[in-house]
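Student: Got a predicted structure plus its sequence, pasted below:
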2 protein chains.
Amino acid sequence: MPKYSRAEPGGGLDSVFRALADPTRRAIVERLARGPASVSDLAAPFDAALPTIVQHLKALEAGQVVSSAKIGRVRTYQLVPGAFGAAIEWLGRQRPPAERQLDRLAALLEKSAKTTQGEEQ
Amino acid sequence: MPKYSRAEPGGGLDSVFRALADPTRRAIVERLARGPASVSDLAAPFDAALPTIVQHLKALEAGQVVSSAKIGRVRTYQLVPGAFGAAIEWLGRQRPPAERQLDRLAALLEKSAKTTQGEEQ
């Protein structure tokens, strides 16, 4: 690929997007956004067997979306702070030219409105 | 999954995230963010064979990230406006409690700074 640059050399976006391309894994992320949880807490709402949930957690950990720590006999998972920063930033940059033009128009109108307000005062 | 709700019933996030979990497909999206392009334009920067690029375009079309139209003998691809809206919105909502607390603190400080400025004037 000589002309195109990859967003992240380490393939970080690959593993983040792959980790999120599954409804069970996204549901786990939604749960962890409310706070850390143990494997059994995370598995409780699902019909899936515990090893399936553990596999999903491994995929999320591989994507550096979640991290875990074992305290005594209980492994607790939590969201990695800023895990989605690069993904959000990349997605925000990929917008069709028409949308970007509308953004510029909106910014121009806002600036114009502020100038008019200033003149009135 | 009785306790967790899916972000989108149609599985739209599944196919968007799956479509983006590949560096070649993300490079195609980056190119289309600059404007529509034909299959051969899109394939030009890659070492991959044309059928491979066509497969990637099909995956992006399945994820409703790109759309195509055939004019005469040339098929032209373009980004679907707002294709990433749901993905950005979902990602923005999934933040660890600590990050959300920092956001609230930042908002509070900004509000406090504005009040102080108002008193000085």
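Tutor: That came in fine, so what should we check first?

Student: Just say helix, strand or coil for the nearest residue to residue A:39 once chain neighbours are set aside.
Tutor: Nearest non-adjacent residue to residue A:39, counting by CB to CB, 6 or more residues apart in numbering or on different chains: residue A:75, 5.7 Å away. Where you see a C-beta, it was placed from the backbone N, CA and C, and this is true even at glycine. Three-state call for residue A:75 (DSSP: H, G, I helix; E, B strand; the rest coil): strand.

Student: Residue A:75 reaches residue A:61, doesn't it?
Tutor: No. Residue A:75 is not in contact with residue A:61 according to CB atoms under 8 Å; the separation is 10.7 Å.

Student: ok, what's across the strand from the residue nearest to residue A:39?
Tutor: When assigned by DSSP bridges, residue A:75 has beta-bridge partners residue A:70.

Student: residues contacting it?
Tutor: Neighbour list for residue A:75: A:38-39, A:68-69 [criterion: CB atoms under 8 Å, 6 or more residues apart in numbering or on different chains].

Student: buried sites along the helix or strand where residue A:103 lies?
Tutor: Applying DSSP states H and E as the criterion places residue A:103 in helix A:97-120. When burial is assessed from 16 or more other CB atoms under 10 Å in any protein chain shown, helix A:97-120 yields the following buried residues: residue A:99.

Student: and residue A:70, how many neighbours does it have?
Tutor: Neighbour count of residue A:70, defined by other CB atoms under 10 Å in any protein chain shown: 8.

Student: what does residue A:41 give?
Tutor: There are 15 residues near residue A:41, going by other CB under 10 Å.

Student: Which residue is the nearest non-sequential neighbour of it?
Tutor: Residue A:41's closest residue in space is residue A:31 (CB to CB, 6+ apart), at 8.0 Å.

Student: Okay, now the unreliable bits of chain A?
Tutor: A:1-11, A:97, A:117-121 (pLDDT under 70).

Student: OK, contacts around residue A:71?
Tutor: Here residue A:71 is in contact with no residue (CB under 8 Å, 6+ apart).

Student: circling back to that earlier point, need the contacts of residue A:75 in JSON lines with neighbour count, distance to residue A:116 and secondary structure, can you?
Tutor: Formatted as JSON lines, the contacts of residue A:75 follow (neighbours: other CB atoms under 10 Å in any protein chain shown; distance: CB to CB, whole Å; DSSP: H, G, I helix; E, B strand; the rest coil):
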{"residue": "A:38", "neighbour count": "14", "distance to residue A:116": "58", "secondary structure": "strand"}
{"residue": "A:39", "neighbour count": "16", "distance to residue A:116": "59", "secondary structure": "helix"}
{"residue": "A:68", "neighbour count": "15", "distance to residue A:116": "55", "secondary structure": "strand"}
{"residue": "A:69", "neighbour count": "10", "distance to residue A:116": "56", "secondary structure": "strand"}
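
Student: which pair in the residues you listed spans the largest distance?
Tutor: Using CB to CB, these span at most 12.0 Å, a distance reached by A:39 and A:69.

Student: My guess is residue A:83 contacts residue A:16. True?
Tutor: Yes. Judged on CB under 8 Å, residue A:83 makes contact with residue A:16 at a distance of 7.1 Å.

Student: Mind checking which of those two has more residues around it?
Tutor: Per other CB under 10 Å, whichever of residue A:83 and residue A:16 has more neighbours is residue A:16, with 26 against 23.

Student: Touching, the more buried one and residue A:64? I think so.
Tutor: Yes. Assessed by CB under 8 Å, residue A:16 is found in contact with residue A:64 at 7.3 Å.

Student: and for those two, which residues touch both?
Tutor: residue A:83.

Student: Now do the same contact list for residue A:19.
Tutor: A:25, A:59-60, A:62-63, A:65.
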